[in-house]
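coords please:
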Amino acid sequence: MKRKTMFQLGGGVILVIILSWVFPYAFFSVDKSVTYKPDAIFVEQYQQDLQSFKTNEEIGSTDHLIFNRTAYIMDMFEQDWLLNENGTSMRKADLEEILVQVKNKREHLIELAFHETYSTETKEYLKDTLRHCLALEESIVELKNAKYSSRASLKRRYHNLHMSFVDTFDRYKYFYNEFKETI
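Presented below is the predicted three-dimensional model:
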């Protein structure tokens with residue numbers, strides 16, 4: 001009888017360990033984290049794009065609100081997990097921090113929408129950037145609530161979120177460059 005109970009207990013522990021690994025954000029998971037490792041070539045290209053964009057001498061100046069706010073908005077696109085080629089362990093608390101940062105940057109974008117006058121094309125780029133920010137928020141919330149998603153599914157979602165950040169950066173870049181051309 002004792003032997004059977006020990007066997008069942010051991011089997012239960014092994015089952016929980018396996019399920020914890022397969023479903024890392026589930027309530028029974030011991031280590032609620034997923035390591036996201038982006039493609040190194042992609043990260044290198046993204047870093048080059050960021051550096052190229054940051055060479056704009058106007059960023060951070062007080063000549064226009066856009067130039068000033070861009071310095072703050074860039075933080076959203078320069079998060080460690082987006083730039084780390086070696087991988088980053090992502091926990092739900094990390095997702096909450098990312099969500100707060102995206103919401104704060106969205107507020108800066110809304111401020112830009114109401115404090116400047118833009119050409120029609122520039123307005124469209126700004127609207128597009130705002131839409132993408134809202135989509136980022138939605139994706140982050142979905143990822144936070146993905147309790148029973150498998151590790152493979154979570155990694156795919158992190159990859160998609162990473163791509164969404166890059167796409168949002170591109171949208172912002174279009175907006176910024178279009179604005180610069182009109183002044």
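
tell me, how many residues neighbour the closest residue to residue 61 other than its chain neighbours?
Of all residues not flanking residue 61 in the chain, residue 67 sits nearest, at 4.7 Å (Cβ to Cβ, 6 or more residues apart in numbering). In this view, the C-beta of every residue, glycine as well, is placed from N, C-alpha and C. By other Cβ atoms under 10 Å, 19 other residues sit near residue 67.

could I get the buried residue list for whichever helix in the chain runs longest?
With secondary structure taken from DSSP state H, the chain has its longest helix at helix 151-182. The neighbour-count check on helix 151-182 (16 or more other Cβ atoms under 10 Å) flags 154-155, 157-158, 161-162, 164-166, 168-176, 178-179 as buried.

number of residues surrounding the nearest residue to residue 133 once chain neighbours are set aside?
Nearest residue to residue 133, sequence neighbours excluded (Cβ to Cβ, 6+ apart): residue 106, at 4.4 Å. Residues near residue 106, counting by other Cβ under 10 Å, number 19.

show me the contacts for residue 106.
Residues near residue 106 by Cβ atoms under 8 Å, 6 or more residues apart in numbering: 130, 133, 134, 137.

A strand includes it, no?
No. When classified by DSSP: H, G, I helix; E, B strand; the rest coil, residue 106 is found to be helix rather than part of a strand.

give me the pLDDT for it.
On pLDDT, residue 106 comes in at 96.

wait, a helix at residue 140?
Yes. Counting by three-state DSSP, one finds residue 140 located in a helix.
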